[in-house]
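# Structure, please.
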Amino acid sequence: QWEQFDQLLLDAGLLVKDASGAVTLSSKRVATVLALTAVHDIMKVKALLPTVAAAHGNYHGYVTGDTIGDHDHALSYVMDHFPELLPSFNGLDPEEQRSVQFTQCELCFNHGWLVQAEAPPGALFRKFKNVMSTGEVNSQDVAFYFVHWLTDLAGAEPTPLGGCEKFVIKFPLPVLNSFLRSFATVGRIATETETQVMEGYLLSRWAEHTAEPPTGPAAIAKMRLLCMAQLNAAPILEAFDRLSADDAELLSAEMAMTACEGQTYSPDLIPQGSRLMASGPALLIYYGPAFLQRLGSDNPVLRLRLLAQIYRVSRRLWPASPEHVGTYATIRIDAIQSLSVDDIRDVASGGSRWAVVRKNRNEAFVDRVPAECSQSGIAVQSCDVAPLEISAEPEAER
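Numbering: from 1, shown residues only. You can find the predicted model right below:
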């Protein structure tokens, strides 16, 4: 389906087709995508993360004095208030700067969260839906966002040739095609709720996996795990059926929260009677997909048990409450996403342990803390800390 790539580049204005059908390159538009590519991930360097200034007040949920931990919001903050610090961006024409700011600042949309079912619908679509509802959206800028997403995906490889090879050789064709088809899913947000769009996407991805439709209280969790694990979906889904009842029920409930007030998934796909369905905040496990995709030789049951433990411990820091329905908190697991369970467990022998460390009202990180931090809720450097218990082997499997 390479023609979809061609059409996307035309829609985004990088390619221009004249009346005769001849296609030319827009050097100005290409410069814009290159400038965005140069700067879009720099805030993954923690030393560069900005702190919200008093003059700017609340910024995407961060308040004065907060360090903006989300790298996309951090870049948006600099673009909005200190553009001179980004020469590649600052040197663009004003029209092209607005295009970049739309994709990075106004849209607040992370397509990877959809493709990998990483986030609850409210976190994923709310801002996007609000922007779309204004009727002032430039369709070329929306297409430009998707071009950027594809180049970002390819750019995970260290060379341009490597990036091309990633799509041609390293991506199974069904996975690549599902990515391309997901672009059309986003357009449904104009007429459907955030949760309806997400459910439709999950069902379509499940149909690519098996003809048997999912049902039961764990259906949404299983569909999300399928998308998160990608090529490891089979062992991860098999491992889910071997989890203890407590872990399976926890994942089923937590992963079915929508972060949208008044919205739930279809009743036959979620736990019935769970108080979490009408509560908040929902929990977004940032880099949860990477954690499952890098399964390696780990026992998948252990991997899922640790994911359940992250949800369980994070919930202690953000107790579910009806007054917080429609909100979400982000739990970043950057520090462990690439580690094996054995490597994660070995930290305990080095005088420290893993914990979920709450940095502000909306965000926490899984990080190392001193071993003496053994009580949930202990304060360390003005942060709330909830230690993780890393089990050795699967036990009490169903």
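# Could you look up the SS state of V385?
Secondary structure assignment for V385 (DSSP: H, G, I helix; E, B strand; the rest coil): strand.
# Next up, phi/psi of L14, please.
Backbone torsions for L14, taken as degrees, to the nearest 10, come to phi -80, psi -30.
# burial count for it?
As a burial measure, L14 scores 20 neighbours (other CB atoms under 10 Å). C-beta: built from backbone N, CA, C; applies to glycine.
# Which residue, other than its chain neighbours, is closest to it?
On the basis of CB to CB, 6 or more residues apart in numbering, the spatially nearest residue to L14 that is not a chain neighbour turns out to be R29, at 4.8 Å.
# Touching, the one you found and D11? I think so.
No: between R29 and D11 there is no contact under CB atoms under 8 Å: 11.4 Å.
# more neighbours, those two?
Comparing R29 with D11 by neighbour count (other CB under 10 Å), the higher total belongs to R29, at 20 against 17.
# low-confidence ranges in the stretch 151-300 of the chain?
Low-confidence segments of the stretch 151-300 of the chain, defined by pLDDT under 70, are absent; every residue clears the threshold.
# can you give me the helices in the stretch 1-150 of the chain?
When secondary structure is read from DSSP state H, counting those that start in this stretch, the stretch 1-150 of the chain shows helices at 2-11, 27-39, 71-81, 87-90, 94-101, 111-115, 121-133, 139-154.
# How far away from the center of its chain is the second one?
Relative to its chain's centre, helix 27-39 lies at 24 Å (CA atoms, centre = their mean, to the nearest Å).
# Mind giving me the packing neighbours of it?
In this structure, helix 27-39 packs against helix 87-90, helix 94-101, helix 139-154, with contacts taken as 3 or more CB pairs under 8 Å, 6 or more residues apart in numbering; DSSP states H and E.
# about what we covered before: contacting residues for the residue nearest to L14?
A12, G13, L14, E96, F144 (CB atoms under 8 Å, 6 or more residues apart in numbering).
# Any chance of CSV for the helices and strands packed on helix 27-39, columns distance to D367 and mean neighbour count?
Below are the helices and strands packed on helix 27-39 laid out as CSV (distance: least, CB to CB, whole Å; neighbours: other CB atoms under 10 Å):
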stretch, distance to D367, mean neighbour count
helix 87-90, 31, 16
helix 94-101, 32, 16
helix 139-154, 26, 19
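# The ones you listed: which one's closest to P289?
For those, distance to P289 was read as CB to CB. The smallest value, 12.9 Å, belongs to helix 139-154.
# Surely P83 and L92 touch.
No: the pair formed by P83 and L92 falls short of the contact definition of CB under 8 Å, at 9.7 Å.
# Please say which of these two ends up with more neighbours.
Legend: neighbour count by other CB under 10 Å for P83 and L92, higher for L92 (19 against 15).
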